[in-house]
Structures are given as C-alpha cells and as structure tokens.
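> can't give you the sequence, but here's the structure:
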Ligand code: DAH
C-alpha cells in the first residue's frame, strides 16, 4: 500500500481492516509473530507512513502522527488479543493430551484376547487349579505332598522300578533322552513313579523313616504325537503308601474314598487286572463315567466306566532296590493324569487346548 497524505484517514481505516483479517487468520504463535512483523515491521506500510511524516508541516505532522499512533495501538491491541486466544487454545490442548480417562475400556490387540473385549485379571491355569484340588483332597485323607526332579537318570525312571535295561515294559513309555548313547541315560521323566524311589530312599537313609503316606504331583514328558487325548507334556499325581500290614483292600478303599471325595458321591471306582512292572498285583482303576453317570454314552463306549490311572501293591523288587525289607513292610501305589482328571470333570473334548493358552478357553475355568 503506497502512502498518500491526502486520504490518510481512509488508508488508516483500510489498514486496520486488513490487520483484523490477517491477525484472526494467524493460527499459531509463529504465524502471529510473522503477521505482526508484516503489519508493523520496518518494511510495513505503517512504518513507511511514519517515516514520511517528517517531511510534513508541523501542524499536519502532529495530527497525522497522532492518527498513525492510534492505528499502531489498535493493531497492537488486536495482536495481544489474538495471542491470548492462541495461548488459551494451546494450554487446553496440552491438558487434554495429558489427561487419562480412567473409565475408558481397554481393548486387547491380539485376536484371541480381542474376543473377550476387555482387560481381565489373570487366574490359575485349569491344570494348576486341578492339581491344588487333588492335593487338598489327599491331604484331607492324611497324605503329605512331595515333589521330585523332572530330569531323571535311567535308574530312577526305569531300573529301580523293576525295569532293567532292555525290559520290554520300557516300551510302554516313549522317552525323551537327553544324552543318548552315554553310559547312564539322562531323560525327561515319563511318569511321576520315580518320585516313589526318591521318597523311599530318603525314608530309609534320612530322618523321616517309614511309614510313608504321600502324593507326588508333577510334570511328565512322552514322545507322543499330540491328539485329542495325548499331549507330550502332561501332569500326573502319584500316590505311595508304605506301612506294616498294608493290603490290597487298603488300596481299593483309598481309591474309592478319593473318588467320592473328589468327583462327588454319585461317582464310584472299580479295579481291573493290569500289568505294571513296579506293582504286583497291578490294576487299572476306573471311575463312573462323569458324562453319563454310569448309564452309558459315546465317551465311555457304553460301558459306564472310564479309565483314570494305574495302581497296585508295591513290587518287592522295588523295595529291594531301595533297601526296604519287604517281609516287614508292604505298600500300594497309584498314579493318574491330572490333565485327564480336569478333562473328565469339565468334559474337555481336546487335550491340546490345555497347552494352547487361548484365553477364550482358559477364561471359562
Ligand atoms: N506310572 C504309570 C504310568 O505312567 C502309572 C502308575 C501305574 C503309577 C501303577 C503307579 C502304579 O504308582 O502303581 O502309566
């Protein structure tokens, strides 16, 4: 805008109007600074006007000088007002950014957890819950709980349990060996039965002594191809009683007492002849089918019974291996799957779900 002294009033007016438009369009502090520079800086029309008034008559100079000062004050005022607005907007934005909405529902990002739609507290895995319930049941019957190592030598897993090298019964357990070919095999235990050996050894050698009334829960490993009823890592609970005068009737009575205590009074047990190298005689124990309650259904092949585990009287050869006199002491042992127990109690169709950790499955228990 060029400066023409003859219509200074009008020019001042349009300068103010132009300033109003530009200032209101400045959307940040930086933009506002630039606009102010354009309107009032050295190269601005306003400064040019100021510089020219030096050439005017004193009276005119005074009058126009006052007018230009008014314009300058007006623009200054507009800039300050806009600055305040921008500052208010900025601090509101910052507050909104830093605020947390405590009522907001958090969504998971994985597809499995997204199905639940919200954040839940974790809880114990079904197998852990089942193990604790089983332990509680046996503790209520007078047993104590013991544990043993998952990595075993051949002697504990097989030999002391009356399975010398090359014994055909070893074929019942497909074993993960950790050092194939070495003089003494190290392996992942295929069952919890080796804990019986540890317990009896320490009873004989240590202070605890006999009798023993113990249950031994823990993880076991087998080279099984996973299917609906087999997984390569599973859990068993082993039982061992060693005392004077223990008979097969004590075994049968203990199994029945456990069955009704754990599964309820409508579920019973029965024993059928079987073979295990570490017990003599040996049996499989079955319980009333939990799905049909003994009436007969597809799961129990219409027999009304389902196999839960193995049991028997401790073989005197096992007592020999640990140095217990089998003419003085007798005992019984049993072992069954904890995962299998949970599967029957909750009618879980496929065992592999125990390992998959899909929260939609886990959350139900
Ligand atoms: N250890 C056996 C298995 O894994 C189960 C078993 C059978 C345990 C008989 C026992 C027993 O204590 O007496 O198949």
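Perfect, thanks for sending it. On a predicted model such as this, the values are computed, not experimentally measured, just so you know.
> quick one, grab the pLDDT at the residue lying closest to residue 169 once chain neighbours are set aside.
Leaving aside its sequence neighbours, residue 169 sits nearest to residue 277 (Cβ to Cβ, 6 or more residues apart in numbering; 4.6 Å). C-beta: built from backbone N, CA, C; applies to glycine. Per-residue pLDDT puts residue 277 at 97.
> likewise the one 3 residues further on?
At residue 280 the predicted local confidence, pLDDT, stands at 98.
> what sits against it?
Going by Cβ atoms under 8 Å, 6 or more residues apart in numbering, residue 280 touches 312-313, 315-316.
> what segments of the stretch 201-350 of the chain are strands?
Applying DSSP state E, counting those that start in this stretch to the stretch 201-350 of the chain gives strands spanning 212-221, 233-243, 269-276, 279-288, 305-314, 330-337.
> give me the angle between the fifth one and strand 279-288.
Angle, strand 305-314 to strand 279-288, by axes from the mean of the first three to the mean of the last three Cα atoms, to 10 degrees: 160 degrees.
> distance of the closest residue in space to residue 125 that isn't next to it in sequence from the ligand?
Sequence neighbours aside, residue 362 is the residue nearest to residue 125 in space, at 6.6 Å (criterion: Cβ to Cβ, 6+ apart). Residue 362 sits 26 Å away from the ligand, taking Cβ to the nearest ligand atom, to the nearest Å as the criterion.
> what about residue 362, how many neighbours?
Look at residue 362: counted by other Cβ atoms under 10 Å, it has 17 neighbours.
> isn't it up against residue 127?
No. If you go by Cβ atoms under 8 Å, residue 362 and residue 127 don't touch, sitting 10.2 Å apart.
> so which of the contacts of residue 280 are also by the ligand?
residue 312 (Cβ under 6 Å from any ligand atom).
> from the contacts of residue 280, which is closest to the ligand?
When the contacts of residue 280 are ranked by distance to the ligand (Cβ to the nearest ligand atom), residue 312 comes first, at 4.5 Å.
> which ones are touching that closest one?
By Cβ under 8 Å, 6+ apart, the neighbours of residue 312 are 251, 274, 276, 278-283, 332-334.
> buried only: go through those residues for me.
251, 276, 278-279, 282-283, 332-334 (16 or more other Cβ atoms under 10 Å).
> next, count neighbours for the residue in the stretch 151-300 of the chain positioned nearest to the ligand.
Residue nearest to the ligand within the stretch 151-300 of the chain: residue 191 (3.3 Å; Cβ to the nearest ligand atom). Neighbour count for residue 191, taken as other Cβ under 10 Å: 24.
> once you drop chain neighbours, what's closest to it?
Nearest to residue 191 is residue 220, by Cβ to Cβ, 6+ apart, at 5.4 Å.
> how close does the one you found sit to residue 237?
10 Å (Cβ to Cβ, to the nearest Å).
> overlap in contacts, these two.
Residues within reach of residue 220 and of residue 237 at once, by Cβ under 8 Å, 6+ apart, are residue 192.
> got the buried residues for stretch 263-276?
263, 267, 269, 271, 276.
> residues contacting it, please?
Contacts of stretch 263-276 (Cβ under 8 Å, 6+ apart): 169, 251-252, 255-256, 258-260, 281-288, 290, 293, 305, 308, 310-312, 345.
> now do 7 Å
Residues outside stretch 263-276 that contact it (Cβ atoms under 7 Å, 6 or more residues apart in numbering): 252, 255-256, 259-260, 281-288, 290, 293, 305, 310, 312.
> of those residues, grab the buried ones for ChimeraX.
Those of the contacts of stretch 263-276 that count as buried under 16+ other Cβ under 10 Å are selected in ChimeraX with:
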select :252,255,256,259,282,283,284,285,286,287,288,290,305,310,312
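> of the contacts of residue 312, closest to residue 94?
Comparing these against residue 94 with Cβ to Cβ picks out residue 334 as the nearest, at 68.2 Å.
> show me what the strand or helix carrying residue 79 is packed against.
Counting by DSSP states H and E, the element that carries residue 79 is helix 58-98. Helix 58-98 sits against helix 8-25, helix 29-40, helix 45-52, with contacts defined as 3 or more Cβ pairs under 7 Å, 6 or more residues apart in numbering; DSSP states H and E.
> tell me the pLDDT of the residue nearest to residue 125.
Residue 362 is given a pLDDT of 88.
> now it: phi and psi?
Backbone dihedrals for residue 362, given as degrees, to the nearest 10, come out at phi -60, psi -40.
> and it, how far from residue 220?
21 Å.
> dump the contacts of residue 280 into JSON lines; add pLDDT as well.
Output for those, formatted as JSON lines (pLDDT from 0 to 100):
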{"residue": "312", "pLDDT": "98"}
{"residue": "313", "pLDDT": "98"}
{"residue": "315", "pLDDT": "98"}
{"residue": "316", "pLDDT": "98"}
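> most neighbours, which of the contacts of residue 280?
residue 312 (24 neighbours).
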